[in-house]
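> Following is a predicted model, sequence given first.
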Amino acid sequence: MGEQNLNTRTDKKARQEFTRHLLEDIEALETMLREGHIESGITRIGAEQEFCLVNKNWRPTTTASSVMKSVDDPHFTTELAKYNLEINLDPLELKGDAFSSLEKQLNELLQKAHAAAALHDSKVVMSGILPTITTTEMDMDFMTYSARYFALNEMLTRLKAGDFHVQLFGVDELLIKHDSMMYEACNTSFQMHLQIDPDDFMSAYNWSQAIAGPILGLSVNSPLLFGKELWQETRIPLFQQSIDTREVSYVLKDQQARVSFGDSWATGSLADFYKNEICRYRIILSREIEESALTALANGRPPSMQALNLHNGTIYRWNRPCYGVGGGKPHVRIENRYIPSGPSVQDQMANFAFWVGLMMGRPAEYDDIHEQMDFCNVKDNFVKAARYGSETQMHWLGKMVPLKKLVSGHLLPIAREGLKKVNIRQEDSDRLLDIIEKRIDNRTPAQWMIKSYRQLKKKVKVDKALIALTKAIYDNQQTGKPAHQWRVVKSPTRANVESDLVGHIMTTKLLTAFQDDAAALTLQIMSWQDIHHVPVVDQAEKLVGLLTWTHIQRFNEQYPERQKMVPVSEIMEQNVLTVDTNTPIKDAIALMKKHEIGCLPVLQKQTLVGIITVVDLLTFDSE
């Protein structure tokens, strides 16, 4: 999520000063590009590994800061949520054993994370979206204590001037609103960096856009959110919608989302690219700048471009240009942000090798890819890949080609040649790219997850299936094997009942009634559906009563002649006992026994979100 050491001054004078430095950064960058001050002739790679921390019941845990202290390693940094951490790998020159060296360091740092997490009764899980994450973990209480995160959330919510909305449609549907940027915390990724020669930057960046769809389609790993089957890579639409500050109005306006693939090919220089970003996106964070970029440049020092990098860090392009200084030398690179975390280290390294191989192996005829492909088709490829994964059809050079055929017949050979061109060790190239080829022949990580989830749901309820799936991801990760070798999960895992919450097992597919509904109609519906408990809500979906089979039977016996004339409000129970999604199941059981009742409506932020019944509890206890 960007720089942590942030002085978040928001007064007018501070913003004006920050803007001045931002403009000076652009001027300094133009000078450096023109005079050849940016490093060229060498290529380096780097990566950032995000991961989740879970408790013994495979649910998100808030131990990130404690794990950070225990691990005591500068490669680790916090993320938006208290259940996420990130590892920053050291940049390496792209040659010889670069990939195996990077993989070795990643495995070593992950082992440190596992050891530190164990000290706090936690485990490390790599997953684009953790299957067991729930809306409970979207509350602000789960946000990491960081000036940057709170300032960013404040500015985004202020720009939105209302609730954020998530509307996703796949096999299932998800329609939900939220009042903060915390839904972004559902997403964890494996961010890959590739240094680019400044003179080739625009051609390289456009090529990275062209190949994004095919790469994503074979890397998908996030098909589930809150137990719902959505996109093959649900991170893509979720990230955009979770911090989408654009307003919805009666007037048609073209507005650019802060999370974006872009809407056109890049032209001009890298400085021109950044100028367009400044024109399109409002400055939402500022900070004190230690030294003017122009002053540093005049004194023979590479400027840090603090203002430019901070602003760029609040614009979340799936392929993001970056400026940095390493070893005293300024450089530019492309950050690939669309690859999900997991499911295994080998899978991630295979994605990395495939991307880098394609970038370095770009045939000369693709130097001007913007003249050969319509950008709308390239963007369509990306969206379809996120939605359908490896089964989609790709636009490529004016033809529609199955993704698997495009990769196996055209892109994989380019990637192999690209890795050979930069002298990557042959055994590393073969091992990693063979994983990509095996996904074509077998299945993607997302397909493994969906098949396992569907098998599990045949035996247990959704929550138990999600627990079993998360445990299987963890267990398989410990083997080090890539996901195409993982067996489909069929056996559920029993959780610790005492530490489970009502929100995990409640029924969310609710049949509700309004106060003015006819009691006769409601009775028939309950009979047809064999439902014994119906919450009664007002027009704002707030709980106002409860209708049970006992109430209606009693009413029919006493007033049979008035049945069709009476509204629900006249016979419903108004004094309704409720529980919250965070109520422990054992407490809900005790409450139902004490009051001898058969159900409890479940609320979240005073809104009805589910119901828990004796049947739910019996079913849960027997699984």
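Done, it's in.

> got the domain boundaries for this protein?
Domains of the chain are assigned by automatic domain parsing as 12-441, 502-622.

> out of these, deepest packed?
Highest mean neighbour count of those: domain 12-441, a mean of 19 (counted as mean count of other Cβ atoms under 10 Å). Bear in mind the C-beta positions are built from the backbone N, C-alpha and C, glycine included.

> ok, back up a step: can you redo the domains of the chain as JSON lines with distance to Gln477?
Output for the domains of the chain, formatted as JSON lines (distance: least, Cβ to Cβ, whole Å):
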{"stretch": "domain 12-441", "distance to Gln477": "6"}
{"stretch": "domain 502-622", "distance to Gln477": "23"}
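
> give me the low-pLDDT residue ranges for the chain?
Where the chain drops to pLDDT under 70, the residues are 1-10, 246-255, 493-499, 552, 558-564, 619-623.

> max-length helix in it?
For the chain, the longest helix by residue count, based on DSSP state H, is helix 12-35.

> contact partners of that helix?
9, 37-38, 198, 269-271, 274-275, 278, 283, 286-289, 292-294, 296-297, 303, 305-308, 311, 323, 330 (Cβ atoms under 8 Å, 6 or more residues apart in numbering).

> What about the residues you listed, which are in helices?
270-271, 274-275, 278, 293-294, 296-297, 306-308, 311.

> Please identify which of these is nearest to Ala350.
Nearest to Ala350 among the ones in helices among the contacts of helix 12-35 is Leu270, at 29.3 Å by Cβ to Cβ.

> distance of the closest one from Met349?
Note on Leu270: its distance to Met349, by Cβ to Cβ, to the nearest Å, is 28 Å.

> again with Arg158
Noted for Arg158: a distance of 41 Å to Met349, by Cβ to Cβ.

> now do Asn381
Distance from Asn381 to Met349, by Cβ to Cβ: 24 Å.

> Ser304 and Tyr323 touch, don't they?
No - contact criterion Cβ atoms under 8 Å: Ser304 and Tyr323 do not qualify, at 9.1 Å.

> For Gln485, give me its contacts.
Shown in contact with Gln485 (Cβ under 8 Å, 6+ apart): no residues.

> Please report phi then psi for it.
For Gln485, the backbone dihedrals are phi -100, psi 0 (criterion: degrees, to the nearest 10).

> Please apply the same query to Glu173.
Note on Glu173: backbone dihedrals following degrees, to the nearest 10 are phi -120, psi 150.

> if I pick the closest residue to it other than its chain neighbours, what's in contact with it?
Of all residues not flanking Glu173 in the chain, Lys228 sits nearest, at 7.3 Å (Cβ to Cβ, 6 or more residues apart in numbering). If you count contacts by Cβ under 8 Å, 6+ apart, Lys228 has them with Leu168, Gly170, Val171, Asp172, Glu173, Leu174.

> can you rerun that using 10 Å?
Applying Cβ atoms under 10 Å, 6 or more residues apart in numbering, we find Lys228 in contact with Leu168, Phe169, Gly170, Val171, Asp172, Glu173, Leu174, Thr234, Val462, Thr508.

> Quick check: the last one vs Phe273, distance?
In other words, Thr508. 44 Å.

> The first one now?
Leu168 sits 30 Å away from Phe273 when distances are taken as Cβ to Cβ.
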